[in-house]
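> My questions are about this predicted structure, shown below with the sequence.
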Amino acid sequence: MGVRGIWKGFGGSDAEPVRVPDAEVAGARVAVASDRERLEMLDSFERSDLAWFWASDARGNFTYLSAKALEQFEAQRPVIGEPVADVLQAMEDDDEHKEVKPISYLLSARSSFTELVVCLKGEENTEGGCKWWSLTGRPQFDKRQNFVGYRGIAKDITATYEEKRKTSRMAAFDALTGLSNRHRMTQRLTAALNAYKVEKRSCALIMLDLDRFKQVNDTLGHPAGDELLRQVSQRLQRVAPAGAEIGRIGGDEFQLIVPDLDDRGKLGDSANRMIQMISQPYSIEGSRAIIGTSVGIAVAPYDGIEPAELVKAADLALYAAKGGGRGQFRFYSNDLKENAEDRREIEEDLRDAIAHEELVMHYQPQVCAKDHTVRGFEALMRWEHPEQGAISPAVFIPIAEDSNLIDQLGRWALKQACKDAAEWPGDLPVSVNVSARQFLNEDLPDIVHKALADSGLPPSRLELEITESVFMGDIGSAEVMFARLRKLGVKLALDDFGTGYSSLAYLRQAPFGKIKIDQSFVRGCAEEGESGRAIINAIASLARAMNMTTTAEGVEAMDELATIGALDVDLVQGFIFSRAVSQAEVLAKLESGEMRYEAVGPAKHRAKRRTLFRRIGVVHEDHHYVAPVRDLSRTGAKIEGLLDVPIGTDLVLDLGEGQIVVGKVRRSQDATQGIEFETPLVSDGAGGLCTRHRVSPYMLAAVGLPLQALPSGTHLAAAAAGNPAPSSRPRFIQVDVQGGSSRAG
Ligand code: C2E
Ligand code: CA
Ligand code: CA
């Protein structure tokens, strides 16, 4: 007999037992029970534990509870006479398990309720959890229709309810890390975005993808991989922005939903913290492992209003972050869509590049810092694309790494470089770049051996340049690879030292003969107050102490060369001596017998500021102009194209995609103005700059534009102002500085 079945015969507004005369049922005589029999029946039902009876008075205090039910409470505890709301707590029946309105509300509403899930306040079940009842009740009224309390049925559902909670938790949470799973994250994002659309709130979506996780999983085994994921999730929970919901949405993919955070300065800082935290070494069952992470960020409503749109934007940003070298973050921007297309095309074409002989190796001299004689060459790959012209290895190597083409490209590079070097007169060494991906390939020593054997190049003349990222993953297998390569007799150099996961600890673990100091320290090292000089000095003395030689990379200007010449650096490589040149040019140089290189370059390094926004909108009063940007820094910009703008003029710069900057003209000459920003720009994670805040699509919607993610194009400021018809003549003449012709703006 179910609870509902009993209910029909119990309670109701006619509280008095009614005497029913004997009746004919389906032709048989059925005896109707006497009052005494009915009571006995109820008694035995109550004792059966199938369900219990309860009753309360008009004030909501318990007046009755079956004896069996009372046994569920601690012996000394009063229940009868106590407010029901002090004893029971109603809970929402979903995976949140939040308290719904207190039960006192429900009772004062004087309406029926059925199978309400309640927990017994302050009572524990055998597993230390809550005791759960399902409660059904009906209000009772006396003859004059005065409310007199409730009567109803209660039932212990602890066992089944706990089970149900467990399954619903399993459906919502990741068993390994305890974080939300993909299903729940999707639900939460959908719920958040739907609500925020109405409340005009913002919401950031952050995607993380671990670098080198797969390798740890493959070499140390799945239990180690699981342990690593658990540790990653603990670290993430420690550094995630406040209020973030964190989920694991795939093998090594994590996602964060952060309500009300649209400040890209804060988001960038937060992403950097997560990257740094995750990149610290892990200790797993006695092995050490290092992994990294890339981060993509999109923010609603700017980059997407609908969940699918926002997820796609964050995915594209993540993809771009991975492509830009690992351990970076990226914000979504409209041009990422095109980038993704371009990457796909490059990948396609790269497959044929070797077969079509579009790839060549060029060689850049490494020169002695003291006497400028050549001491070796670095092999750098060049791709002459039939339609697009020269494509930089900085673009296609990361794509090759992602698409597993790197093994093929790397094999070819080694073979070609060894073959070319074997033709050089004398015994200068050649340095070949080996990507961390190639380094994971167990066959690498065999590939190197074959390149040497086929070309006849002695192993001592081959140097492999490896970046610090080879230490990511499990360190044990990296060490095995180092040992195997050393056995071949080739030399090893640590490339790009000081960037990324830089740690001096690596130097002690691996048999490097040379450290290459990254260009970023060389750049501007001669300038007053630059830390580059001190860092180069420190690396150079450290290297000397450890019997390693050093190369300073990317030397371009005379003052940089002078600064480095005064330090204890052995070799210099840079445009100041030569760019990478063809095999024919190397041969010509070496055959000439002139082993010195002449330093040719600018006296000082001229900072090339990266201009992200080539043409921007300039708003003054109600006029909109378009002007090229010459320089852009955090605090200001130089624009060209408006004639004679007085110093002190307030301008609004429209950098596109909702990025509006307020500034004042500080310098002005002819068609060039130096503008100081009211609020500084922040890093976009890709070496460029962006505004902290953007014009909210909610604001645009308020002036009549459809609610949508920010479109590309730079005329948002004009659109935001509702495109009013200009009421006055434009104050400034806009000139076309590129074409030289001028026209009124
Ligand atoms: P890298 O190994 O750090 O190579 C040095 C890069 O700095 C080269 O860029 C070189 O042309 C450039 N460089 C040299 N001197 C100067 C200078 O004075 N100023 C400036 N601004 N740059 C200078 P490149 O050839 O574009 O190569 C970019 C990266 O692509 C390389 O960085 C390397 O990581 C990768 N790469 C190139 N060839 C290969 C290859 O055959 N195999 C692999 N795995 N990676 C390669
Ligand atoms: Ca290199
Ligand atoms: Ca380098």
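Perfect, thanks for sending it. Here the structure is a predicted model, which is why all the values come from computation and not from measurement. Numbers count the residues shown, from 1 in each chain. Ligands and ions are numbered 1, 2, ... in the order given.
> Just the buried positions in the helix or strand where Arg36 lies, please.
Under the assignment given by DSSP states H and E, the secondary-structure element containing Arg36 is helix 35-47. Taking 16 or more other CB atoms under 10 Å as the basis for neighbour counts, the residues of helix 35-47 that come out buried are 45-46. The C-beta positions use only the backbone N, C-alpha and C, and glycine is treated the same way.
> Could you pull up the mean pLDDT of that helix?
Per-region confidence: helix 35-47 scores 87 on mean pLDDT.
> Specify the local secondary structure of Asp568.
The local conformation at Asp568, judged by DSSP: H, G, I helix; E, B strand; the rest coil, is coil.
> For this protein, what lies in contact range of ligand 3?
In this structure, the chain approaches ligand 3 at residues 495-496, judged by CB under 5 Å from the ion.
> Can you pull out the low-pLDDT segments for the chain?
Applying pLDDT under 70 to the chain picks out residues 1-31, 92-100, 500-506, 509, 606-613, 713-728, 737-745.
> What strand or helix carries the one residue sitting closest to the centre of it?
With distances taken as CA atoms, centre = their mean, the residue of the chain nearest its centroid is Val295 (2.6 Å). Taking DSSP H and E as the definition, one finds Val295 inside strand 292-300.
> Can you give the strand pairings for that strand, parallel or anti for each?
Counting by DSSP bridges, the strands paired with strand 292-300 are strand 203-211 (antiparallel), strand 329-331 (parallel).
> What number of neighbouring residues does whichever residue of the stretch 201-350 of the chain sits closest to ligand 2 come out with?
Using CB to the ion, the closest approach of the stretch 201-350 of the chain to ligand 2 is made by Gly325 at 13.3 Å. Other residues near Gly325 come to 18 when the count uses other CB atoms under 10 Å.
> Repeat that for the one 3 residues further on.
Gln328 has 22 neighbours, counted by other CB under 10 Å.
> List the residues that contact it.
Taking CB atoms under 8 Å, 6 or more residues apart in numbering, we find Gln328 in contact with 275, 294-295, 321, 685-686.
> would you list those residues in a markdown table and tack on distance to ligand 1?
Output for the contacts of Gln328, formatted as a markdown table (distance: CB to the nearest ligand atom, whole Å):
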| residue | distance to ligand 1 |
| --- | --- |
| Ile275 | 20 |
| Ser294 | 17 |
| Val295 | 22 |
| Ala321 | 18 |
| Gly685 | 20 |
| Ala686 | 16 |
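> Spit out the contact partners of Asp49.
Under the criterion of CB under 8 Å, 6+ apart, the contact list for Asp49 reads 68, 156.
> And it, how far from Leu70?
13 Å (CB to CB, to the nearest Å).
> what's the answer for Thr177, then?
Distance, Thr177 to Leu70, by CB to CB: 42 Å.
> quick one, domains of the chain?
When the chain is parsed with automatic domain parsing, its domains come out as 2-158, 173-333, 343-591, 614-744.
> just to revisit the earlier point, any idea how far the strand holding Val295 is from the chain center?
Taking CA atoms, centre = their mean, to the nearest Å, the mean C-alpha location of strand 292-300 is offset from the chain mean by 3 Å.
> returning to what we had before: could the domains of the chain be laid out in JSON lines, adding distance to Tyr597?
Compiled in JSON lines, the domains of the chain are given as follows (distance: least, CB to CB, whole Å):
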{"stretch": "domain 2-158", "distance to Tyr597": "69"}
{"stretch": "domain 173-333", "distance to Tyr597": "30"}
{"stretch": "domain 343-591", "distance to Tyr597": "4"}
{"stretch": "domain 614-744", "distance to Tyr597": "30"}
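> For the residue of the stretch 501-650 of the chain found nearest ligand 2, give the beta-bridge partners.
Ranking the residues of the stretch 501-650 of the chain by distance to ligand 2 (CB to the ion) places Lys516 first, at 6.4 Å. Taking DSSP bridges, one finds Thr551 as the beta-bridge partners of Lys516.
> show me what contacts it?
By CB under 8 Å, 6+ apart, the contact set of Lys516 is 465, 493-497, 550-551, 553, 573.
> run the last query once more with 6 Å
493, 495, 497, 551, 553 (CB atoms under 6 Å, 6 or more residues apart in numbering).
> So which of those are in helices?
In helices, judged by DSSP state H, none of the contacts of Lys516 are found.
> Could you list which of those belong to strands?
493, 495, 497, 551, 553 (DSSP state E).
> Need the nearest residue in space to the third one, chain neighbours excluded.
Residue nearest to Phe497 in three dimensions, not counting chain neighbours: Ile515, with 4.9 Å by CB to CB, 6 or more residues apart in numbering.
> Work out for me the element whichever residue of the stretch 601-745 of the chain sits closest to ligand 2 sits within.
Scanning the stretch 601-745 of the chain for the residue nearest ligand 2 gives Gly687, at 19.0 Å (criterion: CB to the ion). Assessed by DSSP H and E, Gly687 sits outside every helix and strand.
> got it, and Ala308?
helix 307-323.
> which residues sit in contact with the residue nearest to the centre of the chain?
Contacts for Val295 (CB under 6 Å, 6+ apart) come out as 208, 271, 321, 329.
> Mark which of those residues are buried, thanks.
208, 271, 321, 329.
> Looking at the residues you listed, spot the one nearest ligand 3.
For the buried ones among the contacts of Val295, the residue nearest ligand 3 by CB to the ion is Ala321; the value is 20.6 Å.
> Ser294 is in contact with the closest one, correct?
Yes - when contacts are counted by CB atoms under 6 Å, Ala321 is listed as touching Ser294 (4.1 Å).
> Could you check how far Phe512 is from ligand 3?
Counting by CB to the ion, to the nearest Å, the separation of Phe512 from ligand 3 is 14 Å.
> make that Ile103, sorry
69 Å.
> residues in this protein within reach of ligand 2, list them.
Neighbours of ligand 2 within the chain, by CB under 5 Å from the ion: 433, 465, 495.
> neighbours around the second one, how many?
What it means is Glu465. Taking other CB under 10 Å as the definition, Glu465 ends up with a neighbour count of 20.
> Please identify which helix or strand holds it.
Secondary structure (DSSP H and E) places Glu465 in strand 462-467.
> On the C-terminal side of that strand, identify the next helix or strand.
strand 473-474.
> Following element in sequence after the helix holding Arg36, please.
Past helix 35-47, the next helix or strand by DSSP H and E is strand 52-57.
> in the following helix or strand past that following strand, what counts as buried?
Using DSSP H and E, the helix or strand that follows strand 52-57 in sequence is strand 62-65. Neighbour-count burial for strand 62-65, counted by 16+ other CB under 10 Å, picks out 62-63, 65.
> What strands flank strand 62-65, and is each parallel or antiparallel?
Paired strands of strand 62-65, defined by DSSP bridges, are strand 52-57 (antiparallel).
> neighbouring contacts of the strand it pairs with?
Identification of contacts with strand 52-57 by CB under 6 Å, 6+ apart yields 62-66, 68-69, 84, 149-152, 154.
> could the residues you listed go into CSV alongside distance to ligand 1?
Rendered in CSV, the data for those read as follows (distance: CB to the nearest ligand atom, whole Å):
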residue, distance to ligand 1
Phe62, 76
Thr63, 82
Tyr64, 81
Leu65, 76
Ser66, 78
Lys68, 76
Ala69, 74
Val84, 72
Gly149, 80
Tyr150, 76
Arg151, 80
Gly152, 75
Ala154, 71
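> Who are the contact partners of Asp684?
331, 690.
> Need the phi and psi values for it.
Main-chain torsions, Asp684, degrees, to the nearest 10: phi -100, psi 10.
> can you tell me how far it sits from ligand 3?
Going from Asp684 to ligand 3 by CB to the ion gives 23 Å.
> Same check on Lys450?
In this structure, Lys450 and ligand 3 are separated by 26 Å, where distance is defined by CB to the ion.
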